[in-house]
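Visitor: Just a sequence and a predicted model for now, questions to come.
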Amino acid sequence: MATVKQANPRILTINGGSSSIKMALFEAGDSLRRTLEGGIERIGQPEAKFVAKGSNQADNFTRSVTAANHSEAVGILMDWIEERFRRGELTAVGHRVVHGGPKYSEPQRITTEMVEELHQLQPFDPDHLPEEILLTEAFHHRFPDLVQVACFDTAFHHELPRVAQLLPIPRVYEAKGVRRYGFHGLSYAYLVEELSRLAGPQAARGRLILAHLGNGASLAAVYEGKSVDTSMGLTPTGGVPMSTRSGDLDPGLVWYLARTEKITAKKFNEMVNFQSGLLGVSETSSDMRDLLDRETRDVRAAEAVAVFCYQVKKWIGAFAAALSGLDTLVFAGGIGENSPKVRARICDGLGFLGIELDEKRNASNEGLISTVASRVPVRVMHTDEEWMIAKMVCGVLGLGAPKESSSMKTR
Ligand code: ADP
């Protein structure tokens with residue numbers, strides 16, 4: 001990297017998942033402008049790809065890459081960064097870190113001490129944290145002067161009321177950090193801000209149920225901008241059924257399968273994280289679009305969709321009770337944003353809570369999909385975790401906090 005001095009701070013956001021690394025580049029001025037997005041997809045598969053879309057021609061490409069594992073993918077990303085940016089051109093890198101454990105709730109600079117502590121936290125999320133740590137270490141190794149900031153997905157729920165936080169198991173485990181943490185916090189923080197922009201601060205301070213329904217899916221009950229309860233727990237496996245995760249189960253199942261099937265704890269963990277949810281019930285696909293396409297001719301696909309919608313509806317009822325009422329319902333995530341059928345089935349029968357969908361608006365994925373008469377406005381929003389990370393990085397670096405962005409995509 002050659003040295004360069006620049007006017008507008010540039011922030012690269014990194015979101016490392018188990019089979020992908022997503023990135024986005026933002027320029028911070030009066031607003032946060034996204035100038036590039038992309039990442040490495042299908043890590044570990046022969047058809048791994050490095051894709052970028054940006055405002056410069058050089059930033060638009062799709063390359064087949066050899067990334068047999070995460071380390072190789074990280075190496076490819078580091079090489080590209082070294083080539084693409086001159087020294088000093090990047091102000092900071094913001095990482096999504098899935099689990100902050102009991103200690104980390106605020107976005108903050110990544111230090112050697114923090115990385116050591118994150119290593120200790122790995123048992124909380126062995127499926128995401130190791131990859132995320134690898135990424136921060138790789139950046140540190142290759143670009144030692146570059147500021148790195150960690151933004152925790154658990155942070156939004158850090159102050160859950162005790163009744164929502166405490167798991168009803170022997171108290172001794174709580175002292176060891178075993179409790180409900182909740183996830184999708186960057187998405188929820190964004191949705192609350194965006195709701196304030198769209199419907200006003202008063203609406204955003206009301207009793208909200210936010211349903212982030214993607215491959216990973218969860219709901220949050222929010223009041224006065226704060227998380228009051230959320231469906232995921234100690235790990236992202238809990239709550240509603242997801243693409244391949246089971247969501248909540250009867251804890252007695254562990255011992256039952258251990259006795260009847262000789263299933264080990266490791267196998268059980270694999271089953272509930274990678275072979276359950278939509279995939280487990282349908283036996284064919286973890287993808288909601290596929291299942292909706294097939295539901296009329298495959299009862300297993302129909303049942304997978306039905307179980308998903310039923311469980312989400314149940315959690316909405318539970319959270320309306322936790323909030324003593326409901327003022328706004330928000331759908332987000334790939335399924336929440338794009339599937340009128342799923343939204344309609346979830347909301348069917350929720351008239352008693354004041355929820356009434358407008359069929360036409362729902363069918364065309366409008367921003368507001370409830371009827372004029374509906375007591376509870378029901379909204380569809382495009383969430384933007386990357387934008388939230390960039391905003392948090394600006395806060396940590398004292399760059400001022402942009403309120404909204406031209407790149408916000410909410411309909
Ligand atoms: P992730 O949690 O990996 O970010 P996404 O938020 O992209 O996932 O959501 C992926 C899910 O959204 C998949 O189940 C996909 O089938 C579903 N999805 C996307 N578009 C549609 C659509 N038009 N109808 C139904 N489901 C959709």
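Guide: Good, I have the coordinates.
Visitor: Can you name the residue of the stretch 1-150 of the chain nearest the ligand?
Guide: Here the stretch 1-150 of the chain gets closest to the ligand at one residue, Gly17, 7.3 Å apart by CB to the nearest ligand atom. Using the backbone N, CA and C atoms, a C-beta is placed for each residue, glycine as well.
Visitor: so that residue touches Pro130, yeah?
Guide: No - using CB atoms under 8 Å, Gly17 is not in contact with Pro130, being 11.9 Å away.
Visitor: Between these two, which is the more surrounded one?
Guide: Neighbour totals were compared for Gly17 and Pro130, and Gly17 leads with 19 against 16 (other CB atoms under 10 Å).
Visitor: can you confirm Ile14 is in a strand?
Guide: Yes - assessed by DSSP: H, G, I helix; E, B strand; the rest coil, Ile14 belongs to a strand.
Visitor: That one: how many residues sit nearby?
Guide: Using other CB under 10 Å, Ile14 is surrounded by 24 other residues.
Visitor: which residues does it contact?
Guide: Ile21, Lys22, Met23, Val93, Gly94, His95, Arg96, Leu135, Phe139 (CB atoms under 8 Å, 6 or more residues apart in numbering).
Visitor: Of those - the most surrounded one?
Guide: Gly94 (30 neighbours).
Visitor: Confirm it sits in a helix?
Guide: No - Gly94: not assigned to a helix; according to three-state DSSP it is strand.
Visitor: mind listing what the residue of the stretch 1-150 of the chain closest to the ligand touches?
Guide: Per CB under 8 Å, 6+ apart, neighbours of Gly17: His128, Glu131.
Visitor: Run the contact check for stretch 320-336 versus the ligand.
Guide: Yes - residues of stretch 320-336 contacting the ligand under CB under 6 Å from any ligand atom: Gly333, Gly334, Ile335.
Visitor: Assign the second one to helix, strand or coil.
Guide: By that I understand Gly334. helix.
Visitor: That one: what's it in contact with?
Guide: Per CB under 8 Å, 6+ apart, neighbours of Gly334: Leu213, Gly214, Asn215, Met288.
Visitor: Also Lys49?
Guide: Ile40, Glu41, Arg42, Thr62, Arg63, Ser64, Val65.
Visitor: so the first one bridges to which residues?
Guide: What it means is Ile40. For Ile40, the beta-bridge assignment (DSSP bridges) gives partners Ile21, Phe50.
Visitor: if we can go back for a sec, in the contacts of Ile14, find the pair that's most separated.
Guide: Lys22 and Phe139 (15.1 Å; CB to CB).
Visitor: Which member of the contacts of Lys49 is positioned nearest Tyr223?
Guide: Glu41 (37.4 Å).
Visitor: Which pLDDT value belongs to that closest one?
Guide: Note on Glu41: pLDDT of 94.
Visitor: Could you do Ala175 as well?
Guide: 94.
Visitor: Return the distance of it relative to the ligand.
Guide: 33 Å (CB to the nearest ligand atom, to the nearest Å).
Visitor: For that residue, give its distance to Leu234.
Guide: 14 Å (CB to CB, to the nearest Å).
Visitor: Comparing those two, which residue is more hemmed in?
Guide: Ranked by neighbour count (other CB under 10 Å), Ala175 and Leu234 place Leu234 first, with 17 against 9.
Visitor: tell me the mean pLDDT for stretch 129-145?
Guide: On average, stretch 129-145 scores 93.
Visitor: cool, and stretch 184-192?
Guide: Stretch 184-192 comes out at a mean pLDDT of 98.
Visitor: touching the ligand at all, it?
Guide: No - Stretch 184-192 is not in contact with the ligand by CB under 6 Å from any ligand atom; minimum separation 8.9 Å.
Visitor: So what's the gap between that stretch and the chain middle?
Guide: 8 Å (CA atoms, centre = their mean, to the nearest Å).
Visitor: And the contacts of that stretch?
Guide: So stretch 184-192 is contacted by 96, 151-157, 204, 208, 210, 212, 216, 218, 220, 222, 225, 227, 230, 232, 330, 332-333, 381, 383-385, 387-389 (CB under 8 Å, 6+ apart).
Visitor: For the ligand, what's its nearest residue on the stretch 101-250 of the chain.
Guide: Gly214 (2.5 Å).
Visitor: Over to the stretch 201-350 of the chain?
Guide: Gly334 (2.1 Å).
Visitor: I'd like the distance between that residue and Gln275.
Guide: 20 Å.
Visitor: out of the residues of stretch 320-336 next to the ligand, which one sits closest to Glu82?
Guide: Closest approach to Glu82 among the residues of stretch 320-336 next to the ligand (CB to CB): Gly334, at 32.4 Å.
Visitor: Can you check the pLDDT for that closest one?
Guide: pLDDT recorded at Gly334 is 95.
Visitor: ok, now Gly88?
Guide: So Gly88 comes in at 87 (pLDDT).
Visitor: That one: neighbour count?
Guide: For Gly88, using other CB under 10 Å, the count is 15.
Visitor: Mind giving me the packing neighbours of the lengthiest helix in the chain?
Guide: Counting residues, the longest helix in the chain under DSSP state H turns out to be helix 299-322. Counting contacts by 3 or more CB pairs under 8 Å, 6 or more residues apart in numbering; DSSP states H and E, helix 299-322 is packed against strand 207-213, strand 217-223, strand 226-230, helix 277-282, helix 288-294, helix 340-347.
Visitor: List the buried residues for it?
Guide: 301-302, 304-305, 307-309, 311-313, 315-316, 319-320, 322 (16 or more other CB atoms under 10 Å).
Visitor: mind listing what the residue nearest to Asn69 when sequence neighbours are not counted touches?
Guide: In space, and not counting its chain neighbours, Asn69 is closest to Gly44: 6.1 Å by CB to CB, 6 or more residues apart in numbering. Gly44 is in contact with Ser19, Ala67, Ala68, Asn69, His70, counting by CB under 8 Å, 6+ apart.
Visitor: Any of those buried? List them.
Guide: Buried among the contacts of Gly44 by 16+ other CB under 10 Å: Ala67, His70.
Visitor: Restricted to strands, list the contacts of Gly44.
Guide: Counting by DSSP state E, no part of the contacts of Gly44 is found in strands.
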